[in-house]
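1. heads up, no residue letters with this:
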């Protein structure tokens with residue numbers, strides 16, 4: 001098996017662990033928090049993940065393509081960490097400042113003081129987790145990442161059991177758990193695989209990686225907005241409890257996406273070198289996976305919600321099939337986006353994701369006020385199908401050889 005295949009296998013094994021843990025944590029948090037608290041937790045996590053994306057600034061996509069690659073996870077993770085430290089420090093200071101300001105105001109504002117601090121903590125901790133994962137993908141050492149990831153998921157599960165047993169219904173307590181778990185992964189990832197020389201992380205190399213990352217950042221932000229706009233807009237256009245119901249279903253649906261993203265991340269360096277499989281075979285396999293995964297998640301997830309979650313979450317089971325179909329379409333679009341990233345300039349993916357973002361957000365704004373979480377699910381399905389079609393078209397046109405007349409024009413221009 002190729003190095004990329006082995007790395008994919010380790011990442012998929014980690015996803016299997018996430019699947020089991022997420023089922024348990026979803027049930028525990030739903031019982032402890034209810035739809036209202038679950039919605040507040042989901043909104044805080046979306047804000048944290050958005051901050052994390054801004055801090056990383058595309059380095060997670062640019063770093064695996066930078067040469068020379070380090071020889072081990074430790075040096076690569078430390079270099080990735082150094083590339084994103086300035087942004088992480090800024091977010092930590094901002095979160096602490098907002099929390100201190102709320103505490104100084106007293107009254108009801110003081111009660112919300114821990115929230116911005118915890119949101120910033122989740123964002124910063126997730127940056128470290130991304131550094132370890134990016135390093136493992138770059139050097140082809142998925143085993144080290146898997147071992148560290150197992151510790152992190154064990155932390156989440158044990159913490160969730162303790163919080164549920166204590167009847168902890170405060171979203172801030174659960175948010176603190178999401179901040180602590182990535183730190184375990186970071187510590188384990190940095191301590192293992194320390195051997196091997198670090199690359200020359202001088203200003204020139206760091207500048208190249210950061211510059212490439214900034215070119216990829218708009219596309220990453222647009223993809224995040226497309227994937228998460230529903231959870232950011234639902235509490236504004238509908239209600240926080242509606243977000244709680246929606247977030248439970250969306251958490252199951254997104255299980256379709258993670259294996260595909262792991263596959264693309266592990267194979268992107270080889271695709272960049274021209275080793276892209278025939279698109280018919282690649283897209284056929286991606287479409288078959290999307291259909292099978294969406295059906296499996298819809299059936300199994302709805303059954304789990306009805307059996308393991310309180311009756312207040314029944315609507316989550318009903319909306320899950322729509323969200324699972326949307327997630328399958330998004331998974332297919334990520335395969336095509338990987339091909340486009342490898343074959344075209346970064347602006348191509350960013351422009352396509354931005355167009356899909358505008359379409360999806362417009363649909364959310366039109367449908368959520370009238371149909372609530374069902375409007376959000378319908379808008380997501382339409383937007384993700386558009387992303388799949390657009391990215392596939394870009395990938396096919398990128399792989400198509402230029403016409404002879406265009407080659408002649410290019411040759412004459414070169415002379």
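-> Perfect, I can see it now. Note that this is a predicted model, so its numbers are computed, not measured.
2. Distance from the lengthiest helix in the chain to the middle of the chain?
-> Longest helix of the chain, by residue count under DSSP state H: helix 3-56. Relative to the mean C-alpha coordinate of its chain, helix 3-56 is positioned 9 Å out (CA atoms, centre = their mean, to the nearest Å).
3. which element follows that helix toward the C-terminus?
-> Once the chain leaves helix 3-56, the next helix or strand it forms, by DSSP states H and E, is helix 59-62.
4. which strands and helices sit next to the longest helix of the chain?
-> Counting contacts by 3 or more CB pairs under 8 Å, 6 or more residues apart in numbering; DSSP states H and E, helix 3-56 is packed against helix 73-105, helix 114-139, helix 142-165, helix 171-191, helix 203-237, helix 240-253, helix 257-272, helix 279-308. Heads up, the C-betas are built off the backbone N, CA and C, glycines and all.
5. Okay, now the unreliable bits of the protein?
-> Where the chain drops to pLDDT under 70, the residues are 1-5, 7-8, 65, 67-71, 102-103, 105-113, 188-202, 346-347, 399-415.
6. What residue spans form the domains of it?
-> Residue ranges for the structural domains of the chain, counted by automatic domain parsing, are given in the record as 1-201, 204-401.
7. Columns mean neighbour count on top of the ones you listed, output as JSON lines?
-> Shown next, in JSON lines, are the domains of the chain (neighbours: other CB atoms under 10 Å):
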{"stretch": "domain 1-201", "mean neighbour count": "19"}
{"stretch": "domain 204-401", "mean neighbour count": "20"}
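8. The helix or strand harbouring residue 394 vs helix 279-308, what angle?
-> Per DSSP H and E: residue 394 is located in helix 373-399. Using axes from the mean of the first three to the mean of the last three CA atoms, to 10 degrees, one finds that helix 373-399 and helix 279-308 are set 160 degrees apart in direction.
9. now the angle from helix 373-399 to helix 203-237?
-> Note on geometry: by the same axes, to 10 degrees, helix 373-399 and helix 203-237 are set 150 degrees apart in direction.
10. just checking, what packs against helix 373-399?
-> Helix 373-399 sits against helix 203-237, helix 240-253, helix 279-308, helix 314-343, helix 346-371, with contacts defined as 3+ CB pairs under 8 Å, 6+ apart.
11. Tell me how far it lies from the chain's centre.
-> Taking CA atoms, centre = their mean, one finds helix 373-399 lying 17 Å from the centre of the chain it belongs to.
12. circling back: go through the helices and strands packed on helix 3-56 and name the closest to residue 15.
-> Distances from residue 15 to each of the helices and strands packed on helix 3-56 were compared using CB to CB; the shortest belongs to helix 257-272, at 4.9 Å.
13. Output the contacting helices and strands for that closest one.
-> Taking 3+ CB pairs under 8 Å, 6+ apart as contact, the helices and strands that helix 257-272 lies on are helix 3-56, helix 114-139, helix 279-308, helix 314-343.
14. export the ones you listed to CSV and tack on distance to residue 81?
-> Supplementary listing: the helices and strands packed on helix 257-272 in CSV, determined by distance: least, CB to CB, whole Å:
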stretch, distance to residue 81
helix 3-56, 11
helix 114-139, 5
helix 279-308, 32
helix 314-343, 23
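15. quick one, which of the ones you listed is nearest to residue 151?
-> Minimum separation from residue 151 across the helices and strands packed on helix 257-272 (CB to CB) falls at helix 3-56, 10.5 Å.
16. how much does that closest one deviate in direction from helix 257-272?
-> An angle of 110 degrees separates the directions of helix 3-56 and helix 257-272 when computed by the same axes, to 10 degrees.
17. so helix 3-56 versus helix 142-165, what angle?
-> Note on geometry: by the same axes, to 10 degrees, helix 3-56 and helix 142-165 are set 50 degrees apart in direction.
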